[in-house]
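A.B. asks: sequence and predicted model, in that order:
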Amino acid sequence: MLAGDTIMALSSGALPSGVAVIRLSGPKAREALLFMTGDLPKPRTLALRKIGADRQLDHGLVAWFPGPNSFTGEDCVEFQVHGSPAGVKAILRTLDDFGLRLAEPGEFTRRAFENGKLDLLAIEGLGDLLSAETEKQRQQALARYDGRLTATVDAWRETLLNLRAEIEARLDFSDEGDVDEDLPESFQSELSALKHSIEATLASVISGRIVREGIRVALAGAPNAGKSSLINALSKSDVAIVSDEAGTTRDVREVPLDIGGQLFILLDLAGLRDTASKAEAEGIRRAERAIADADILLWLVAPDVDDTTKPATSARVITIGTKADLDDRTGFDLTVSTETSLGLDALITRLSEIGGTLAGSEPALVSHERDRVGLQNAIDALAQTRAGLADWELAAESLRHASQALERLIGRVDAEQVLDRLFSSFCIGK
């Protein structure tokens, strides 16, 4: 990856397609556009042009984005041409002859980061947006990509800089008459408010993770309790093998399901029982681990098989009487029949209700493990600051650690900003 190169890539979907978008970025993007079309359209305006150098390769729309007002911060060009494999190859080959090279994976976004157009949080949001499969995932990813979390972190950093400036001013300029010996009365309250604000955001990381990764729903019970049949009925497909033979399911099968815009991951597990089979025993061990990690446990009890002991779990549990077409089922949260579809709508409604409480009504701004670690490190540093206020040097160092934790989140370094804040906030430096 060379910074001075001009890069190109097919930025749209697989070929053939109705339209193909070819993107360029770098110092030769303007020259390449002139080379391919003969003139330069108005910036950020689509223009219809014949595309080709010594011969016409296609005709389509072109757009010119002079830097720094572009996605990458560099000069950028887009060709919107017909999605012909031969046509796209010919255009890329001509641009390669002109001196451009194919971009590496993520290189356009990498350049946007290096040129200050995106921070790490926005880049993660963009990645989440590209992989979003449900409406809630889209909303959450877009909130991160649009900079809502960045704005929140920036506000925290501003408060931290003010707090650091107060302490470091007294460390470095205690002999100056413009600096009071004691910290202002508001210092403690501002420190507490900052810590509580970060803690409140950190508390949403679980719901954010659930939206991004999906709510894990374990279907468990004795062998032949109807787990695979229920998976197939809920997903409306034959994704799981259904057999009267006990022990058919031996691995954890994950089946994604979109319910009301929320992603659920249905887990088809091995039936729980004592067995002499090593292969089945391994499947049961994996099932027990999946139950322990699940967000919701559907415990299935059938009338024609003996029930088994339900494992301990912190998940929300729904006890389901299966095969309701064989017997009148009572004493369960829900009863279902995959043969007649009895109770399936009620089960989906119950899952949606529980999912709403787990995922929350508003998009969570934090959902990655890196978020959790960074925010927890900042909270720990703020707690150390409060405990160390009797020693200003230790308190200032703890505040620096809190700043670094937040700076790592967004990929910035604030080496000299405290000094800037010092001299703008106090009458120092006569």
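C.D. replies: Received it, and whenever you're ready, just let me know what you need.

A.B. asks: how about Arg329, what does it touch?
C.D. replies: Pro303, Gly321, Thr322, Thr335 (Cβ atoms under 8 Å, 6 or more residues apart in numbering). Quick note: C-beta positions are derived from backbone N, CA and C, even for glycine.

A.B. asks: kindly apply the preceding question to Asp325 instead.
C.D. replies: The contact partners of Asp325, by Cβ under 8 Å, 6+ apart, come to Ser337, Glu339, Thr340, Leu342.

A.B. asks: tell me how many other residues surround the third one.
C.D. replies: Read that as Thr340. With neighbours defined by other Cβ atoms under 10 Å, the count for Thr340 comes to 10.

A.B. asks: look up how far Ile318 lies from it.
C.D. replies: Separation of Thr340 from Ile318 (Cβ to Cβ, to the nearest Å): 20 Å.

A.B. asks: returning to that earlier point: out of the contacts of Asp325, which sit inside helices?
C.D. replies: Per DSSP state H, helices hold no members of those.

A.B. asks: tell me who's in contact with Ser235.
C.D. replies: Applying Cβ under 8 Å, 6+ apart, the residues contacting Ser235 are Val255, Leu257, Leu266.

A.B. asks: who wins on neighbours among those?
C.D. replies: Leu266 (25 neighbours).

A.B. asks: touching, that residue and Val255? I think so.
C.D. replies: Yes - counting by Cβ atoms under 8 Å, Leu266 does reach Val255; the two are 4.3 Å apart.

A.B. asks: please enumerate the shared neighbours of those two.
C.D. replies: Ile231, Leu234, Ser235.

A.B. asks: would you mind measuring from the last one to Glu254?
C.D. replies: The gap separating Ser235 from Glu254 is 11 Å, by Cβ to Cβ.

A.B. asks: which residues do these two both contact?
C.D. replies: Taking Cβ under 8 Å, 6+ apart as the criterion, Ser235 and Glu254 both touch Leu266.

A.B. asks: surely Arg111 forms part of a helix?
C.D. replies: Yes - if the criterion is DSSP: H, G, I helix; E, B strand; the rest coil, then Arg111 is within a helix.

A.B. asks: pretty sure it sits against Ser70.
C.D. replies: No - the pair Arg111 and Ser70 does not pass the contact test of Cβ under 8 Å, sitting 9.8 Å apart.

A.B. asks: where do the contact lists of these two overlap?
C.D. replies: With Cβ under 8 Å, 6+ apart as the test, Arg111 and Ser70 both reach Ser25.

A.B. asks: next one: phi and psi at the residue most central in space within the chain?
C.D. replies: Closest residue to the average C-alpha location of the chain: Asp128 at 4.3 Å, with Cα atoms, centre = their mean. Per-residue torsions, Asp128: phi -60, psi -40 (degrees, to the nearest 10).

A.B. asks: let me see the contact set for the closest residue to it other than its chain neighbours.
C.D. replies: Excluding the flanking residues, the one nearest Asp128 by Cβ to Cβ, 6 or more residues apart in numbering is Ala141, at 3.6 Å. Shown in contact with Ala141 (Cβ under 8 Å, 6+ apart): Gly125, Leu126, Asp128, Leu129, Ala132, Arg212.

A.B. asks: can you verify Ala141 is assigned to a strand?
C.D. replies: No - per three-state DSSP, Ala141 lies outside any strand segment and is helix.

A.B. asks: and it, what pLDDT?
C.D. replies: Ala141 carries a pLDDT value of 92.

A.B. asks: check the gap between it and Gly208 for me.
C.D. replies: With Cβ to Cβ as the criterion, Ala141 and Gly208 are 10 Å apart.

A.B. asks: where do the helices sit along this structure?
C.D. replies: 29-37, 85-98, 107-114, 120-131, 135-145, 148-172, 186-202, 205-213, 227-235, 278-293, 344-359, 369-387, 392-410, 417-425.

A.B. asks: so which of those is the most surrounded?
C.D. replies: Greatest average neighbour count among the helices of the chain goes to helix 227-235 (a mean of 22), per mean count of other Cβ atoms under 10 Å.

A.B. asks: that one: how far from the chain's middle?
C.D. replies: Between the centre of helix 227-235 and the centre of its chain there are 29 Å (Cα atoms, centre = their mean, to the nearest Å).
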